[in-house]
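> Sequence and computational prediction follow.
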Amino acid sequence: MLPIIRPGLSRQLSATDMQIPMISSPLKQTNEIDWTVPLKQHIRTAYSDDPERYDDECRALNRLRQDMRGAGKDSAAGRDLLYRYYGQLELLDLRFPVDENHIKISFTWFDAFTHKPTSQYSLAYEKASIIFNISAVLSCHAANQNRHEDVGLKTAYHSFQASAGMFTYINENFLHAPSTDLSRETVKTLISIMLAQGQEVFIEKQVVDNKKPGLLAKLAAQAAYLYAQAVEGTQENVSKAIFERVWLLVTQIKQHHLASMAQYYQAIADYEANSYGQAIARLQAGQSANKEAVRIANAMPGTMPSNSNLGSETGIILSEMVNKQKAAITDKLAEFIRDNDMIYHQTIPAESNLPSIPKLPAAKAIPVSELYQGQDIQRIIGPDIFQRIVPMSVTESASLYDEEKAKLIRAEAERCEGADDELATSLDYLKLPGSLNILKGGLDQESMGVDEEFRNWCAELAGHSPFNPTFEQLRNNKQETVTTLDASLKQLDMEESVCEKMRSKYGVDWTQQPSSRLTNTLRTDAKSYKSAVEEASTSDAQLYSTFRQYESDFDEMRSAGETDEADVLYQRAMIKAGAGKKSSTVQSPGAGGYEEGNLLDDDFVDQNQLSVAEQIQLVEELIRKLQLVKRERTQVFKDLKEKIHNDDISNVLILNKKAITSQEAALFKSELEKFRPHQNRILQANHKQSALMKELTRTYSDLLQDKRVSREQNKYEAFSRQRNVVLSKYRKVYQAYTDLQAGLQRAQQFYDEMKDTVDSMKKNVDSFVENRRSEGGQLLNTIEASKGSGADREQARLKELMERMSVSPGTQHSHSPVPTSAASDPRRPPPLQYINAQQQSGMAGGYNPARSPPVTPGYPPNGSMQPPPQPQHASYPSFQSQQQQNGFSSNPRRESYHQSYNPHTYSSGAAGPVSPPAHQQYFSPPPPQQYQQQQHPPSTITYGSQQSQQGGYGAGMPPGWQPPPPPPGPPPSQDYGALQASNYPSGPGGYASDLRRSAQGQGQQQQGGQGQDPWAGLGAWK
């Protein structure tokens, strides 16, 4: 505590009723300008926008500058008005380059001290002038405060420091000042004056608060040092006629006065420290400084210049201030000398030997960013006037900041999701809270009931029709397709055989193109279709095997679904799975023999151990706390996302635009710190969850190890195993059902499509065969007409051939003629009678086959082809059955014929269709091969107007039909008996033999070998 002696000090602390005057800077003045025209022109050229849309914004900027010119110099409102205009200039600078090369606006400002005008096109000059005026207003505002009040004293202290900060901003950001008031030397002097006055105001507050003399001495020493710096700059500016001379006098008086105060308070501190001689020496040094202050104060003029911002009483107040300080020092010095002479007798050191007083700074320049600290700077600056024009640099910086916010959100989201997953996994591993129900009362009615999934399976199988008819339909479709394919191949074989026999008979006169090359595409398609059908048969077999495997299960589930007895089937399956084998473990509800027990009703004797009910309650309480922690974490994360979403630092980016390029990361980091509380709350929730989870695991483990709960636990585990077995079995059954349905649907679709394709191919085959018959008939008529004069020679030749061929089949290689004539042979049937073509015209009608699918080429209908100019191409005849009474025996090569053919049926005068020329390889372009080709023996089919009857092909031949004659010369040495096992014998008249008809063919062969000529009746072809 400061001693209460020293009456001189008491007189010093009383101070005067009038406060010490302070220096304040004058304001710069400016002329009026117009923003509207230059800005609109730039909007039109640079932004390609309609400038009239921004007319209100331009007028607002003009009005703001006009208001700034009349801002008060000693009020906070004037300061805010200037700062609002400055903030809008900063925002404007982001969008509009105001300089002599782009937007040319002449800014004219008058020097604050010399009043000389200076004009520039630079927006930086405009902003520097505004900053200077803000500093001047702050200094005026501080100087005019009533410092006898705490509020006024604090306002003055803050405003002097803020003024020094704004002057510092000018020196740091605006170089090459165009006027003297903005020069570095002038601004630096103003900074020293403002800081010295701020330090002086702080000393006034400490003196009023009666602080220790040592502290006051250090503060006064710092103030004297600052005023000494101000005196140097002021003296230079006075010599240049910039500052008024009274500023130099005031700073000199205060420099010596504060130095005297520092020595005075330090002497008191030394006296209290028993340094009496040193205290007397400091008072003598203070008295010397005070004398200099009194001398300068007496030289103060009575009136102050108007530009000095000092009152007329400044000289009187300063003179009284230094005189009171002189009286205080004189009184204190006499007191200390008397005490030292009478009591202490210490040596008084020389002034030059006194140690310097330490300095304690209490005032510093407040930067621009902290000028409105704790206030809403957006409210002071106002909304961005040209906010509709977004600068690219701010947009890019905002995007980068948004990415930083997104990273923070993702990190916190992962943290929350990880904690939630950890909680869910831990509870699932412990089977909580479901297992508590088992421990409380065991398996209730609901848990032992039928599974809902099983009930749904039975409901889906209910009403489903059996699969047997579907499989039967598939077999029928397959057989129908195979039969059609075999019939088509038989037709092609028959047509090829007849064509080759006619070629053997007429030799070079038979110019019809061979069928083998024309039917290659049709045969390939037929074989490919048969291969595809065989492959489909394999799939059908697999489906049928699956059906047979699960047929009984299908019936059970279908019946249960239709009668709504799924629970009965389910319980029966549970019993079968093993539930009924241990009646003491788990029994189905209603089965009898089981009474559910409740462990909560048990009375345990051991009082030192918690009961089961208490342990369960403890576990439930821990689970409840964990859920509360989870909800709290979720809510905090939701609040964090909302806060981040609403966070907008566009204004901060705009105000710090010049610093963003080098300190962007630091700025973002400082802005993201506002979300730190939410992050900490999420982290605390995770730590709390981990602790609760450990406690829950330990408590629940102790509960399970209790022998009193082992019975219910074992019962539940047995029930779960049986339930899994049942559901696994019927899940497989249901899956097989769905797979079977899908497979049968695909199979039915395949056979439907195959049937359409095969039917189309069958129509093409019919059309092809019909055209070939018509062509052969026309060719035969041409040949017969050319041989009209040589009929006798032909008859003799045929007779000779018949005699040569009248030998038995076993001796076909013999070339010896038979001595008996053909006419005298009683076994030879009479020759076929000629049938007029006009009588058979009804059999030569046109045929219009359906269009085939793309895989099978289409063939023109009968009669649609135009005859070529070559005379050797004619039409192929169709055959009609001749009703005769006598039977005949057929050669094995011809047992596939089912009809008799009469070429004269197509011998009308009009030219019929013809086959392609001999050099052509196919009847039509071959289609792409879609299936793997396989050889399959054709099945028995019917062809033509005559239907095959039981007993083989021979039984289907019309009576009296005679095959065509063999070629001239001996018959080919071919053992056709050896070819019966092959699928497709080659050579004239080749066919696909069928083993099922081998017996009948052999009987006919033996019958023919008794002497009947197999080539008899060929005269009917003439």
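All right, it came through fine. Keep in mind that this is a model prediction, so the values were computed, not measured.
> Check what pLDDT the spatially most central residue of the chain gets.
When Cα atoms, centre = their mean is applied to the chain, the residue found nearest the centroid is R410 (15.4 Å). Model confidence at R410, expressed as pLDDT, equals 95.
> Could you do Q884 as well?
So, for Q884, pLDDT stands at 37.
> What's the separation between the residue nearest to the centre of the chain and E403?
R410 sits 10 Å away from E403, going by Cβ to Cβ, to the nearest Å. Every C-beta, even on glycine, is put in place using the N, C-alpha and C of the backbone.
> again with K787
As judged by Cβ to Cβ, K787 and E403 stand 101 Å apart.
> These two: who's more crowded?
Set K787 next to E403 and count neighbours by other Cβ atoms under 10 Å: K787 wins out with 14 against 11.
> if we can go back for a sec, quickly list what's touching both of R410 and E403.
Counting by Cβ atoms under 8 Å, 6 or more residues apart in numbering, no residue touches both R410 and E403.
> Give the buried residues for the host helix or strand of R698.
Element membership for R698 (DSSP states H and E) is helix 676-704. Residues 678-679, 681-682, 685-686, 688-689, 692-693, 696, 699-700, 703 are the ones in helix 676-704 that count as buried (16 or more other Cβ atoms under 10 Å).
> same thing with stretch 775-785?
By neighbour count on 16+ other Cβ under 10 Å, the buried set for stretch 775-785 is 775-784.
> what bits of the stretch 251-400 of the chain have low per-residue confidence?
Scanning the stretch 251-400 of the chain for pLDDT under 70 picks out 373-374, 376, 390-392.
> residue ranges for the strands of it, please.
Taking DSSP state E, counting those that start in this stretch as the criterion, the stretch 251-400 of the chain carries no strands.
> Flag the helix or strand of the chain with the lowest per-element mean pLDDT.
Lowest on mean pLDDT, DSSP states H and E among the helices and strands of the chain sits strand 878-879, with a mean of 34.
> Can you show me the strands along the protein?
Along the chain, counting by DSSP state E, strands occupy 29-30, 107-110, 117-120, 878-879, 901-902.
> Flag whichever of the ones you listed has the least confidence on average.
strand 878-879 (a mean of 34).
> Quick check: the closest residue in space to N62 that isn't next to it in sequence vs V709, distance?
Spatial nearest neighbour of N62, chain neighbours left out: W35 (5.2 Å); criterion: Cβ to Cβ, 6 or more residues apart in numbering. Shown here: W35 relative to V709, a distance of 85 Å by Cβ to Cβ.
> Could you check which of these two has the larger neighbour count?
The residue with more neighbours, out of W35 and V709, is W35; 21 against 18, by other Cβ under 10 Å.
> Distance check, the more buried one against G72.
23 Å.
> can you check E803 too?
Taken as Cβ to Cβ, the span from E803 to G72 is 150 Å.
> Could you do S774 as well?
S774 sits 120 Å away from G72, going by Cβ to Cβ.
> Settle it for me: which of the two has more neighbours?
For S774 versus G72, the count of surrounding residues by other Cβ under 10 Å is larger for S774: 28 against 14.
> what's the spacing between that one and Q512?
Distance of S774 to Q512, given as Cβ to Cβ: 11 Å.
> what's the answer for Q41, then?
Computed as Cβ to Cβ, the Q41 to Q512 distance reads 96 Å.
> before we move on, what about S135?
The gap separating S135 from Q512 is 119 Å, by Cβ to Cβ.
> quick one: low-confidence parts of the stretch 1-150 of the chain?
Judged by pLDDT under 70, the stretches of the stretch 1-150 of the chain that qualify are 1-17, 74.
> So between S135 and Q512, which is more surrounded?
Counted by other Cβ under 10 Å, S135 and Q512 do not tie: S135 has more neighbours, with 29 against 23.
> That one reaches S25, doesn't it?
Yes. Counting by Cβ atoms under 8 Å, S135 touches S25, with 6.5 Å between them.
> Overlap in contacts, the two.
With Cβ under 8 Å, 6+ apart as the test, S135 and S25 both reach 163, 190.
> Count the residues that sit near A419.
Neighbour count of A419, defined by other Cβ under 10 Å: 22.
> pLDDT wise, what is the spatially closest residue to it that is not a sequence neighbour at?
Nearest residue to A419, sequence neighbours excluded (Cβ to Cβ, 6+ apart): N686, at 4.8 Å. If you check N686, the pLDDT there is 94.
> Next: P1014.
Value for P1014, per-residue pLDDT: 35.
> G1019 too?
At G1019, pLDDT is 36.
> ok, so what distance separates K625 from R698?
14 Å.
> hmm, I was thinking of A718
According to Cβ to Cβ, A718 stands 27 Å off from R698.
> before we move on, what about E770?
Counting by Cβ to Cβ, the gap from E770 to R698 is 94 Å.
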